[in-house]
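Undergrad: Take a look and give me a structure for this.
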Amino acid sequence: MTVRELAERLDYTILTEGRGLENEVTGCYCGDLLSWVMAKAQSGDVWLTVMGNVNSIAVAMLTDCACIVLTELAPLDTDARLKAESHGITILTTHKNSCEGAVEICSFLKNEP
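TA: Numbers count the residues shown, from 1 in each chain. Okay, the predicted model is just below:
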């Protein structure tokens, strides 16, 4: 499943498109402590967080995550949006919390043909 398909299936709003809409989603990671995410998130993970700042974009680039999903409608600050757009990082948003989002994403991944 691609990030675009995930956004459509789960009705997530696309905040920044980037090149990441066609990234393959292979897993899911929840976390708000950036150093922890940097050490634990895997390439291809959807990263669920409430951290919508410029440092999150740097972590997304380092981990090669498929995209960032800002949960609970957490705001994306202007500097972060500009950095995400300039580096092709896709950011989605949802009203759901990280746990709800992770359950949905993992369920879709588990049932993918």
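Undergrad: What count of nearby residues applies to D77?
TA: 12 (other Cβ atoms under 10 Å). (C-beta placed from N, C-alpha, C; glycine too.)
Undergrad: so the most centrally placed residue in the chain, which of the three states?
TA: Centroid-nearest residue in the chain: I68, 1.8 Å away (criterion: Cα atoms, centre = their mean). Under the three-state scheme (DSSP: H, G, I helix; E, B strand; the rest coil), I68 adopts strand.
Undergrad: Might one say that it is in contact with A60?
TA: Yes - the pair I68 / A60 is scored as a contact, 5.4 Å apart, by Cβ atoms under 8 Å.
Undergrad: Find the residues that touch each one of these two.
TA: Common contacts of I68 and A60 (Cβ atoms under 8 Å, 6 or more residues apart in numbering): W47, A84, I89.
Undergrad: Tell me the one of those residues nearest N53?
TA: Within those, distances to N53 taken as Cβ to Cβ reach their minimum at A84, with 10.8 Å.
Undergrad: Neighbours of the closest one, how many?
TA: The local packing of A84 (other Cβ under 10 Å) involves 26 other residues.
Undergrad: Repeat that for L34.
TA: Neighbour tally, L34, other Cβ under 10 Å: 16.
Undergrad: Repeat that for L76.
TA: 19.
Undergrad: so where do the helices sit in this structure?
TA: 3-10, 34-40, 54-63, 78-87, 98-110 (DSSP state H).
Undergrad: Could you pull up the mean pLDDT of the fourth one?
TA: Per-residue pLDDT values over helix 78-87 give a mean of 97.
Undergrad: buried sites along it?
TA: A80, R81, K83, A84, E85 (16 or more other Cβ atoms under 10 Å).
Undergrad: Isn't the second one up against G18?
TA: Same thing as R81. No - contact between R81 and G18 fails when scored by Cβ under 8 Å: they sit 10.8 Å apart.
Undergrad: Quickly list what's touching both of these two.
TA: Contacts common to R81 and G18, judged by Cβ under 8 Å, 6+ apart, are I91.
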